[in-house]
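A.B. asks: Coordinates for the following, if possible.
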Amino acid sequence: MAIWVAMEGATPLGHVRGSRLPASFGHIASGYAAGYYSYLWSLVLAADLRTAFAADRLDAATGDRYRRTILENGGQVPPAELMQQFLGRPSDSRAFFKMLAPPATKESRP
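C.D. replies: Numbers count the residues shown, from 1 in each chain. Presented below is the predicted three-dimensional model:
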């Protein structure tokens, strides 16, 4: 609890004395951990899909290709195959990590 109190205390809302969130948050100990991983993994895939729209996020041809390749096939084709068909390459996590990186500032540039 000491680590939790320190972490929560460092947030803008701070720690509420007497609260015990880690002991009351049942998802952590109820086998739901894989569900949290899937949320994060969906962001990895979404960031990679967005790379196809990098030149123009409103490009109708790319949107149509996305609809025909990904959405229309749904569960008929394994997701990794759909991603490869749409992107023209295997999916990877580079776009996700780029999304997480803070933007370069004038001070941080060499």
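
A.B. asks: any idea how far the residue sitting nearest the centre point of the chain is from residue 77?
C.D. replies: Geometric centre of the chain, nearest residue: residue 43, 2.0 Å, by Cα atoms, centre = their mean. As for residue 43, its distance to residue 77 is 22 Å (criterion: Cβ to Cβ, to the nearest Å). Every C-beta, even on glycine, is put in place using the N, C-alpha and C of the backbone.

A.B. asks: What residues sit buried inside the lowest-mean-pLDDT helix or strand in the chain?
C.D. replies: Comparing every helix and strand of the chain by mean pLDDT, DSSP states H and E singles out helix 21-24 as the least confident one, with a mean of 73. By neighbour count with 16 or more other Cβ atoms under 10 Å, helix 21-24 contains no buried residues.

A.B. asks: Likewise for stretch 2-11?
C.D. replies: residue 8.

A.B. asks: what residues does it touch?
C.D. replies: Outside stretch 2-11, the residues that touch it by Cβ atoms under 8 Å, 6 or more residues apart in numbering are 14-15, 21-22.

A.B. asks: and if we set it to 7 Å?
C.D. replies: Outside of stretch 2-11, the residues within contact range by Cβ atoms under 7 Å, 6 or more residues apart in numbering are 15, 22.

A.B. asks: centre of the chain versus it, how much separation?
C.D. replies: 25 Å (Cα atoms, centre = their mean, to the nearest Å).

A.B. asks: same question, stretch 86-103
C.D. replies: Counting by Cα atoms, centre = their mean, stretch 86-103 comes out at 10 Å from the chain centroid.

A.B. asks: send the alpha carbons of that stretch over as PDB?
C.D. replies: The C-alpha coordinates for stretch 86-103 follow below in PDB (Å, rounded to 0.1, in the frame of the first residue of the first chain):
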ATOM      1  CA  PHE A  86      -4.600  -3.900 -46.100                       C
ATOM      2  CA  LEU A  87      -1.200  -2.600 -45.200                       C
ATOM      3  CA  GLY A  88       0.800  -4.500 -47.800                       C
ATOM      4  CA  ARG A  89       3.100  -5.700 -45.100                       C
ATOM      5  CA  PRO A  90       2.900  -7.500 -41.700                       C
ATOM      6  CA  SER A  91       1.700  -5.300 -38.900                       C
ATOM      7  CA  ASP A  92       4.200  -4.000 -36.400                       C
ATOM      8  CA  SER A  93       4.200  -1.700 -33.400                       C
ATOM      9  CA  ARG A  94       6.400   1.100 -34.700                       C
ATOM     10  CA  ALA A  95       3.500   3.500 -35.200                       C
ATOM     11  CA  PHE A  96       2.300   2.900 -31.700                       C
ATOM     12  CA  PHE A  97       5.700   3.600 -30.200                       C
ATOM     13  CA  LYS A  98       6.000   6.800 -32.300                       C
ATOM     14  CA  MET A  99       2.600   7.800 -31.000                       C
ATOM     15  CA  LEU A 100       3.900   7.400 -27.400                       C
ATOM     16  CA  ALA A 101       7.000   9.500 -28.000                       C
ATOM     17  CA  PRO A 102       6.800  13.100 -26.900                       C
ATOM     18  CA  PRO A 103       7.100  15.600 -29.800                       C
END
